[in-house]
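[1] Provide a 3D model corresponding to the input given below.
(one chain, ligands or ions: 1)
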Amino acid sequence: MTANIIDGKAFALGLRERIATQVATFREATGRVPGLAVVLVGEDPASAVYVRNKHKATVAAGMASFEHKLSAHTSQADLLALVDQLNADPAVDGILVQLPLPGHIDERAVITRIDPDKDVDGFHPVNAGRLATGLEGFVPCTPLGCLMLLKDQLGDLAGLDAVVIGRSNIVGKPMAQLLVKESCTVTVAHSKTRDLSSVVKRADIVVAAVGRPEMVKGEWIKPGACVIDVGINREPAQPGGSNGRLVGDVDFAGALSVAGAITPVPGGVGPMTIAVLLRNTMISAHRREDVSYDKDAW
Ligand code: NDP
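    Okay, the predicted model is just below:
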């Protein structure tokens with residue numbers, strides 16, 4: 001068997017095109033475009049790339065992008081004041097504070113200061129609670145993107161055995177909640193899990209969100225399983241000076257001959273995150289203007 005390689009890049013592009021069409025409809029209905037504010041504190045190079053990509057995608061979708069680049073020495077009080085200002089700004093539908101923040105700033109204090117109804121990253125405890133209790137809210141972009149790929153691949157997920165490896169607040173836990181909502185039987189594995197290979201072996205769906213290069217081996221995978229690899233790991237630089245290649249948390253070559261479907265790294269889950277961020281911003285704009293929308297169409 002050779003697994004179907006799930007093309008997250010193409011899926012995300014389609015989603016972004018559908019969103020761009022809806023932006024035009026929203027503008028006709030309300031006289032304004034949805035707006036996303038992104039706050040970057042400091043000069044972390046990876047964060048700077050993410051923020052640049054988010055800005056480009058927002059503009060390409062026809063939305064307003066408000067970028068706030070602050071020095072690494074910005075005080076927590078000043079950052080909270082900016083969040084307050086964005087919470088009150090009627091042109092801003094979504095607020096994203098790029099993580100990680102410099103060590104002197106309490107990330108939790110910043111995340112909980114964002115208006116939950118503008119929290120398009122879905123990290124606010126109110127949105128985590130809404131997800132856990134089945135209320136409408138914002139779901140973190142990466143796990144929601146994974147779910148979209150899974151449903152596109154498998155259709156109805158009810159009754160399937162799913163294993164989520166990783167229990168972070170931004171990927172593992174919300175992913176598990178989403179799969180429970182889809183009526184999967186869900187196991188959440190983590191660094192203290194005993195005999196991870198046996199746990200993975202019984203899963204129809206494997207979501208790996210660990211941050212350890214190629215940790216999940218091909219022989220752990222149940223034949224025909226659908227494998228979603230969230231991990232983004234950069235291998236060490238080559239002797240010639242070129243950047244090391246990007247690899248996921250799954251041994252892609254090993255899993256390819258066993259799995260039914262698998263996301264590649266890069267080009268799988270990664271592109272979905274920004275597309276879902278735009279989707280969440282659209283949903284916020286529609287809710288705030290009380291314009292009806294069909295979220296299943298995006
Ligand atoms: P965290 O470091 O917050 O969480 C990692 C999780 O993996 C923890 O729950 C940890 O367990 C678990 N873990 C660590 N070692 C093992 C092990 N040996 N066996 C089983 N579980 C283990 O990471 P994130 O959730 O933030 O990110 C995970 C990966 O996904 C990273 O590579 C990150 O770069 C990538 N990522 C990709 C995104 C995208 O857009 N594609 C977005 C976000 C993240 P414990 O809780 O016990 O410590």
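
[2] Residue 62 - nearest residue in space that isn't next to it in sequence?
    residue 23 (4.1 Å; Cβ to Cβ, 6 or more residues apart in numbering). C-beta here means a position set from N, CA and C on the backbone, and glycine is covered the same way.

[3] Next, find the distance separating that neighbour from residue 30.
    To residue 30, residue 23 is 11 Å away according to Cβ to Cβ, to the nearest Å.

[4] For those two, indicate the residue with more neighbours.
    residue 23 (20 against 15; other Cβ atoms under 10 Å).

[5] So that one lies in a helix, does it not?
    Yes: assigned with DSSP: H, G, I helix; E, B strand; the rest coil, residue 23 falls within a helix.

[6] Next, work out how far apart it and the ligand are.
    Residue 23 sits 23 Å away from the ligand, going by Cβ to the nearest ligand atom, to the nearest Å.

[7] check contacts around that residue.
    Residues near residue 23 by Cβ atoms under 8 Å, 6 or more residues apart in numbering: 33-34, 61-63, 282.

[8] and what of residue 30?
    Neighbour list for residue 30: 285, 289, 291 [criterion: Cβ under 8 Å, 6+ apart].

[9] Quick check: phi and psi on it?
    The phi and psi values for residue 30, taken as degrees, to the nearest 10, are phi -120, psi -20.

[10] any residues touching the strand or helix carrying residue 81, and which ones?
    Per DSSP states H and E, residue 81 falls inside helix 76-88. By Cβ under 8 Å, 6+ apart, the residues outside helix 76-88 that reach it are 37, 39, 41, 66, 68, 70, 92, 95, 97, 101, 104-106, 109-110, 113-115, 118.

[11] let's see it at 7 Å
    Contact with helix 76-88 is made by 37, 39, 41, 68, 70, 92, 95, 105-106, 109-110, 113-115, 118, as judged by Cβ atoms under 7 Å, 6 or more residues apart in numbering.

[12] immediately after that helix, which helix or strand?
    Per DSSP H and E, the helix or strand that comes after helix 76-88 is strand 94-97.

[13] Could you list the residues of the stretch 151-298 of the chain in contact with the ligand?
    Within the stretch 151-298 of the chain, the positions near the ligand by Cβ under 6 Å from any ligand atom are 165-168, 170-172, 189-193, 196, 209-212, 230-233, 269-270, 273.

[14] Show the buried residues in those residues.
    Buried residues within those, counting neighbours by 16 or more other Cβ atoms under 10 Å: 165-168, 170-172, 189, 196, 209-210, 230-233, 269-270, 273.
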